[in-house]
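Asker: Got a predicted structure here, sequence first:
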Amino acid sequence: MAEKKTYERPVVTKHQSGIMNKFGSGPSTSVRDNIDGVLIKDLAGKFGSPLFVLSEKTIRQNQRNAYRVFKNRYPRVQFAWSYKTNYLDAVCSVFHQEGSWAEVVSEFEYRKARALGIPGEHIIFNGPEKSIEALRTAIREGAMIHIDHFDELYHIVELTDTETLKARVAIRVNMDVGVYPLWDRFGFNYENGEAWQAIKRIVANPRLSLIGLHTHIGTYMMSAEAYRVAASKLAGLAKSMHDEFSITLDYIDVGGGFASQNTLIGQYLPAEEVVPSLEQYADAIASGLFQLSIKPEDLPTLILETGRALIDNAGYLITTVIANKRLSTGRRAIIVDAGVNLMFTSFWYKHKVQPAQQPSVHTEDAVIYGPLCMNIDVLRDGIVLPTLKQGDRLVLNHVGAYNMTQWMQFITMRPNVVMVMEDGTVELIRKAETLEYLAQQEVLPARLKEKKSR
Amino acid sequence: MNLLLDSILYSYAQIFFSNRKWFGGVVLAATFVVPELGLVALLGVVLSNLTAAVLKFDEAKIRSGFYGFNGILFGAAAAFYFKLTPFFLVLIGIFIIITFLVSAVLEHHLAAVFNLPGLSLPFVLTLYVFIIFLTNLNGIESKPFEFTEPEFLGTLPDTIKTYFRSLGLIVFQSDMLSGIVFAVALLFLSRVMFTLSIVGFASSVIFVDLIMPEAGEWFLIFAGFNSILTAFALGGNLIIPSTKSFILSIIASLVIVILTGFFVKVLSGYQLPVLVLPFNFVVLSVIYSLKFRREQSDLVLLYFQPGTPEENFYYHHNRVSRFERFKAVVPELPFFGEWRVSQGHNGSITHKDKWRHAWDFVVTDEEGKEYANDGAALSDYYCNRLPVVAPLEGTVVRIVDGVPNNDVGAVNLKSNWGNTVIIDHGSNLFSAVSHLEPHATKLVVGQRVKKGDTVGMCGNSGRSPAPHLHFQFQMTDKLGDKTFEHPIGHYLEKTESGCVLHTFDHPEENMLVRNLESHKIIRRAFEFTLGDRLSFACSFDGESFNEEWEVKVDIFNSLYIESSAGATASVAMVGKIFYLTGFAGNKRSALYHFYLMAVQVPLCYEPNLVWTDRYPVSKAVGGAVRYLSEFLLVFSPQLHASASYRFAERSEESREYTISNSIQLRGTGLFAFYRKTLDGTLTIDAEGMIKEIRISAPGDRAFVATGITNEETSE
């Protein structure tokens, strides 16, 4: 018996006059039916939908590639995994296995890193809020504390004085690197001399050892040149410290902020064409640091807190079509089972969306909505998609960064997260939330348990 | 007083080329078998050394017995040949001083002009002067010559008796017992010397028997002890012992027999004894002639402070195996990060003939690929536009720039080398990096560069179908000159389980190599500077004691660590690697265990970095096994001592760095049964202080030394 042909529903395509030509950049629908060889339908079948999938292989490749690119340009390089980008234990552990330290910005992240076996001396403690208790632990455990403001410095001084401890500290420096917006809310300003003031105060205190300088010039930086400026300004500070106080810094930390391959909403050209390559960032940073002309064996270690660029493309979201609908304007709308409560980055990026099954020949301009009963729940606007049926699967690409930390339980629960391991097996790394999980934190006052109001 | 006692004992030991006090003591005691011989010999050494001290000769030399042993020989010989009277004793005294003066002159002359030791020539000359002078006087009686021997030895075969008599006669002892004592003492001092004494003596007996079968015992004894002394000198004390040195001493005893025959006839006219003249004659001429060889690879003359032949052997061979390939400069790889050798020395593509000692480097990913994407564009290649750095400090002498990059797959045979920077490192050593990116070097000719300074970028100019770096050493500043073989000072090779340290070696094709990245804390632990003090609390065999170290500098300006437990270890830094080059003294000290744990330490930290080194056997193995094995030493060394080091991975909690070492002591051949492993760890704390040295053998109690930080001691 001949195979039954798949039914393709009719499509009405609006005729558009005045487009450049009929060949143009026609909608090309690439299919993703597997992640690292594991079929999407098997993944969704076993772990449900929606489902976050992470690729161990891609994470390792990203980290190794990044080490190679930087170490080929500067003799000492250390990466520190930015916990806030994705602090699932499994993800952090892969990075740590690849020789990455931990960069945390809160007490709970600090404790998470310690619980994963990272010694204090390999934890960089950033962030504007560090409680006295957190500082005390960090000092005792020899963590690198990046001081954000003078009040924090006073806390550290007080702690080290009362408990006769030595603290390993660095200051966070903000500066003008020629890009907008200027990030001046973190750390001490370079141009107005505040950073130098902070350095002098720290150097004067024998209980504080100033081991590094840190800056974080911004996020999703589209200019490598900004890093050259940042690195050379920090190198300048390091040189002044060397000349004035004979301090040889252990490290210079240029933070993170490298752009990933996601195209921003409002950006015309695709990211692959406008985002600097890792090589360009590395060239810029190394050339900035080499302005620090000291003996090669005294060169500070370059620390990188790269998050997004190392994890974004290792994360996928599998989602399922719930319904098709036509809007009043005639546009096609597709409702899927993953909303913006899981896909925070949908507010920033035009995520690449691929169907997981053979697409129809005809395509249609569409908008993808989530299941939330909220107008803002748009996963992707203005995307050309083949016709889809209820139950078809879509895969959102480059979702590894920030979604699995900024997600929330809102209307729907957070789903399973799995990791496709290097050997092709699939491990569940975070279980889907349940009502019981949600309820266990809640306390219902006894009087409210009664059926009627008294 | 100490100086006097030391100088006496060392002088006695010197007669047998030894520097052991106990041995000197035994020789001294043996000379008192006939008390008057012993007394006059003692007078000889005391008088010589006092004269040297009064005239303010170098104290260390006086202590070493350098000026005393000729006095002993003169005193003993005078009392051996003549009857003692008070007047005669005064005469002897005067001549002992003359002996000292002659030895001072000869020592200086032979050392300054020929770079030869003075041996016992001063004694021979002065004794001849003495004997001839005495013919002017009346009433000086020669002693009738007689050998005595303990009764219980009457049954020994004659040849063995003659052997003992010959040994005794080295210090003019007429009683055979002295000779026996010497033989036993030699056996304990050095198996090689004991064997040499028998080889020397036996061959002289055979040669005398062959050449002059008519010769009497007297001739046999003279030829015998000259042969024994010659065998000592040429077989192991002035030449590193080897089978060849043994053959040399056998040949030398033939010459000794002939020369003895010659001198007996020549000197008989003046009634002079032959003494040790043949020995001095043969040894000085052999040593002197050996200096003129083109290559000194075997029959190596002693080039360091002499010890027993065994010590000389171990020291020399250890030094050769550890440091022979070392060069005066320590070049590093001319790039950052890890690169792969795509073509090594004697490569199959272009590194042939005149250019066989060159390297090509590329960067590869985990799968071994040189490029991302499809490799059709230069920018796909990982090494494209990577910084290239100076391997060594020097002056830029030639820059070729402006040769355009080739497309992938194309080559430019017109300007074969492409953009090139050549640096002069001094002493006729030049390095060249080729196929660089055009217009990427910021250097100018004549500019000084430091090791690690960027000289350009990797590119694809010249005869280069894909971006790669060509690197070679050469002897001129010519572009494309023939290559010169020079090793890379140190680098790490990536392996399955970690990495391996190479020193003064040549990276081979397909190796993944990178430079050492010096580590602040490890560096702090091993960078000893003059005046540093360290303290340790030690426990060993249930005993607890404290030990202090101080870092000092010797007359050659090299650093060494001196321990309060009576030990020293010499320190050297070659590039980024710390070495302990030698150890002497107490083996129950923390310093000794530090020596075992830190014979070589790269000043970097890489988990699972492994490296190996060797110890001189005498520093690692003791006891009966080693003593017995030394009978076979020159034929093939039976024992080996090696170190296998590893940087341990750091545990989650500790902030320490640990070096583990498995010390393998093993025997080969007859001694294959001998096998011992010591496991040690050396722990460095987060401040860069040596926290703990721990070595244990299975079943044995461990030696543990714990560092006491200064803060604790001062507070």
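Answerer: Looks like it came in fine.
Asker: Kindly report the residues of chain A close to chain B.
Answerer: Applying C-beta under 8 Å from any C-beta of the partner chain, we find that chain A lies next to chain B at A:61, A:64-65, A:68, A:70-76, A:117-121, A:142, A:250, A:279, A:283, A:286, A:290, A:295-297. Where you see a C-beta, it was placed from the backbone N, CA and C, and this is true even at glycine.
Asker: These in helices, which ones?
Answerer: Judged by DSSP state H, the residues of chain A next to chain B include A:Q61, A:R64, A:N65, A:R68, A:F70, A:K71, A:E279, A:D283, A:A286 as members of helices.
Asker: OK, contacts around the fourth one?
Answerer: Spelled out, it's A:R68. B:G337, B:E338, B:V363, B:D365, B:Y382 (C-beta atoms under 8 Å, 6 or more residues apart in numbering or on different chains).
Asker: swap the cut-off to 7 Å and go again
Answerer: Contacts for A:R68 (C-beta atoms under 7 Å, 6 or more residues apart in numbering or on different chains) come out as B:G337, B:V363.
Asker: thinking again about what came up before, same list, the ones in helices among the residues of chain A next to chain B, but as TSV with pLDDT and distance to B:D58 please.
Answerer: Below are those laid out as TSV (pLDDT from 0 to 100; distance: C-beta to C-beta, whole Å):
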residue	pLDDT	distance to B:D58
A:Q61	95	69
A:R64	95	63
A:N65	94	66
A:R68	95	60
A:F70	96	59
A:K71	95	55
A:E279	93	65
A:D283	94	62
A:A286	93	57
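Asker: And the helix or strand bottoming out on mean pLDDT in chain A, what does it pack against?
Answerer: Here the helix or strand of chain A ranked lowest by mean pLDDT, DSSP states H and E is helix A:271-274, holding a mean of 83. Of the remaining helices and strands, none touches helix A:271-274 by 3 or more C-beta pairs under 7 Å, 6 or more residues apart in numbering or on different chains; DSSP states H and E.
Asker: so how far is it off the chain centroid?
Answerer: With C-alpha atoms, centre = their mean, to the nearest Å as the basis, helix A:271-274 stands 18 Å off its chain's centre.
Asker: So for that helix, what gets flagged as buried?
Answerer: Residues of helix A:271-274 classed as buried under the neighbour-count rule (16 or more other C-beta atoms under 10 Å in any protein chain shown) are A:A271.
Asker: quick one on the thing from earlier: pick out the most distant pair among the ones in helices among the residues of chain A next to chain B.
Answerer: Taking C-beta to C-beta as the measure, those span a maximum distance of 22.0 Å, between A:Q61 and A:A286.
Asker: Which one of these two is surrounded by more residues?
Answerer: A:A286 (22 against 19; other C-beta atoms under 10 Å in any protein chain shown).
Asker: Would you mind measuring from that one to B:V389?
Answerer: If you measure A:A286 against B:V389 using C-beta to C-beta, to the nearest Å, the figure is 12 Å.
Asker: can you check B:F336 too?
Answerer: 7 Å.
Asker: same check, this time on B:T308
Answerer: Separation of B:T308 from B:V389 (C-beta to C-beta) stands at 48 Å.
Asker: got it, and B:G480?
Answerer: Distance of B:G480 to B:V389, given as C-beta to C-beta: 21 Å.
Asker: Looking at the two, which is more packed in?
Answerer: B:V389 (22 against 18).
Asker: wait, what's in contact with that one?
Answerer: B:P334, B:F335, B:F336, B:G452, B:D453, B:T454, B:V455 are the contacts of B:V389 under C-beta under 7 Å, 6+ apart.
Asker: Need the residues that contact stretch A:316-332.
Answerer: A:14, A:35, A:40, A:43-44, A:49-53, A:333-338, A:343, A:364-367, A:371, A:388-397, A:399.
Asker: got it, and stretch A:157-175?
Answerer: A:135-136, A:139-140, A:142, A:144-148, A:156, A:183-184, A:186-191, A:195, A:198-199, A:202, A:205, A:207-215, A:230, A:233-234, A:237, A:253.
Asker: Look at it and report the distance between its end residues.
Answerer: Start-to-end span of stretch A:157-175 (C-alpha to C-alpha, to the nearest Å) is 25 Å.
Asker: what comes up buried for it?
Answerer: Of the residues in stretch A:157-175, A:V157, A:L159, A:T160, A:A167, A:R168, A:V169, A:A170, A:I171, A:R172, A:V173, A:N174, A:M175 count as buried by neighbour count, 16+ other C-beta under 10 Å.
Asker: Repeat that for stretch A:418-430.
Answerer: Using 16+ other C-beta under 10 Å as the test for burial, stretch A:418-430 gives A:V418, A:M419, A:V420, A:M421, A:V426, A:I429, A:R430.
Asker: ok, now stretch B:493-505?
Answerer: For stretch B:493-505, the neighbour count (16+ other C-beta under 10 Å) marks B:E493, B:C499, B:V500, B:L501, B:H502, B:T503, B:F504 as buried.
Asker: so where do the helices sit in the stretch 101-250 of chain A?
Answerer: Assigned by DSSP state H, counting those that start in this stretch, the stretch 101-250 of chain A shows helices spanning A:107-115, A:132-140, A:150-162, A:194-204, A:225-245.
Asker: Nearest to A:Y87, out of these?
Answerer: That would be helix A:107-115 among these, by C-beta to C-beta, at 6.0 Å.
Asker: Which residues outside the closest one are in contact with it?
Answerer: By C-beta under 7 Å, 6+ apart, the residues outside helix A:107-115 that reach it are A:Y83, A:K84, A:Y87, A:A102, A:V104, A:I123, A:F125, A:S131, A:A134, A:A138.
Asker: if you set the cut-off to 6 Å instead, what comes out?
Answerer: Surrounding helix A:107-115, the residues in contact under the criterion C-beta atoms under 6 Å, 6 or more residues apart in numbering or on different chains are A:Y83, A:A102, A:V104, A:I123, A:S131, A:A134.
Asker: okay, those in JSON lines with neighbour count, distance to B:P144 and pLDDT next?
Answerer: Listed next are these as JSON lines, based on neighbours: other C-beta atoms under 10 Å in any protein chain shown; distance: C-beta to C-beta, whole Å; pLDDT from 0 to 100:
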{"residue": "A:Y83", "neighbour count": "28", "distance to B:P144": "102", "pLDDT": "97"}
{"residue": "A:A102", "neighbour count": "27", "distance to B:P144": "96", "pLDDT": "97"}
{"residue": "A:V104", "neighbour count": "28", "distance to B:P144": "100", "pLDDT": "97"}
{"residue": "A:I123", "neighbour count": "24", "distance to B:P144": "94", "pLDDT": "96"}
{"residue": "A:S131", "neighbour count": "11", "distance to B:P144": "105", "pLDDT": "94"}
{"residue": "A:A134", "neighbour count": "20", "distance to B:P144": "101", "pLDDT": "95"}
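Asker: Now the two most distant members of the residues you listed.
Answerer: The most widely separated members of the contacts of helix A:107-115 are A:A102 and A:S131, with 18.2 Å between them, by C-beta to C-beta.
Asker: Let me know the distance separating B:F88 from A:I35.
Answerer: Counting by C-beta to C-beta - B:F88 and A:I35 are separated by 109 Å.
Asker: Settle it for me: which of these two has more neighbours?
Answerer: With neighbours defined as other C-beta under 10 Å, B:F88 and A:I35 compare such that A:I35 has more, 23 against 19.
Asker: Next, count neighbours for A:Y154.
Answerer: For A:Y154, the tally of surrounding residues (other C-beta under 10 Å) stands at 12.
Asker: How are the strands of the stretch 501-650 of chain B distributed by residue range?
Answerer: Taking DSSP state E, counting those that start in this stretch, the strands of the stretch 501-650 of chain B run over residues B:512-514, B:533-540, B:543-553, B:559-563, B:567-574, B:577-585, B:600-602, B:609-614, B:639-647.
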